[in-house]
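> Mind looking at a prediction? Sequence and model below.
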2 protein chains.
Amino acid sequence: MSLLDLFRSRNKTNTAAIAKERLQILVSHERSTRSGPDFLPELKQELLAVIRKYYPIELDQVKVQLGKQDDCSLLELDIVLPVNVKADVA
Amino acid sequence: MSLLDLFRSRNKTNTAAIAKERLQILVSHERSTRSGPDFLPELKQELLAVIRKYYPIELDQVKVQLGKQDDCSLLELDIVLPVNVKADVA
């Protein structure tokens, strides 16, 4: 089962249970060495800035988790979006 | 099992098998209505622009998948990073 399949199966359940606008972002940074800087905390700020171009989210609408395991850093953003605001793209 | 747990278990296997720098980004946009615009294609460009601030990636280093299921749009980016370039953050 691919990571995309896992994502789909989980979100199918959520969709049935909760009718709301929600954006989830998962970032995995896998490194061959642990000596380099971890740029996920910086990336988190950049991602939030990008999302804010489309949706006027507040920080209390965002759940953030940063984790690490072996050579892999993980960032998870779970954002409840304003339901009456549509993304301003064609 | 949380989505983060699934991510961790998968990446643990990958880390053991492949020693390289890799960035994976999964975005799930769950909407209560299907009438609004899908902003994930636009978001894809923004995400790549952000990653390029840290790593000089070329488009052939990026695998992109866009999918849709029910009220959920999915974006998956799988990026092989240059191994000798470190992210320029403190």
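Noted; the coordinates are in hand.
> C-alpha from now on. contacts and neighbour counts both.
Noted.
> can you map out the strands along chain A?
Read by DSSP state E, chain A holds these strands, from start to end of the chain: A:22-30, A:62-69, A:72-80.
> is residue A:73 in a bridge, and if so with what?
The partner list for residue A:73 in beta bridges (DSSP bridges) reads residue A:29, residue A:68.
> From residue A:62, how far out is it?
For residue A:73, the distance to residue A:62 under the criterion C-alpha to C-alpha, to the nearest Å works out to 19 Å.
> of these two, who's got more company?
When residue A:73 and residue A:62 are compared on other C-alpha atoms under 10 Å in any protein chain shown, the one with more neighbours turns out to be residue A:73, at 21 against 16.
> who touches that one in this structure?
Remark: with contacts taken as C-alpha atoms under 8 Å, 6 or more residues apart in numbering or on different chains, residue A:73 is in contact with A:28-30, A:38, A:40, A:66-67.
> on that earlier part again, can you list the strands of chain A in JSON lines and add distance to residue A:45?
Listed next are the strands of chain A as JSON lines, based on distance: least, C-alpha to C-alpha, whole Å:
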{"stretch": "strand A:22-30", "distance to residue A:45": "13"}
{"stretch": "strand A:62-69", "distance to residue A:45": "11"}
{"stretch": "strand A:72-80", "distance to residue A:45": "11"}
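> per-residue confidence for residue A:51?
At residue A:51 the predicted local confidence, pLDDT, stands at 90.
> Now for it, how many residues are close by?
Residues within reach of residue A:51, counting by other C-alpha under 10 Å, total 17.
> who touches residue A:29 in this structure?
Contact partners of residue A:29, counting by C-alpha under 8 Å, 6+ apart, are A:40, A:72-74, B:21-24.
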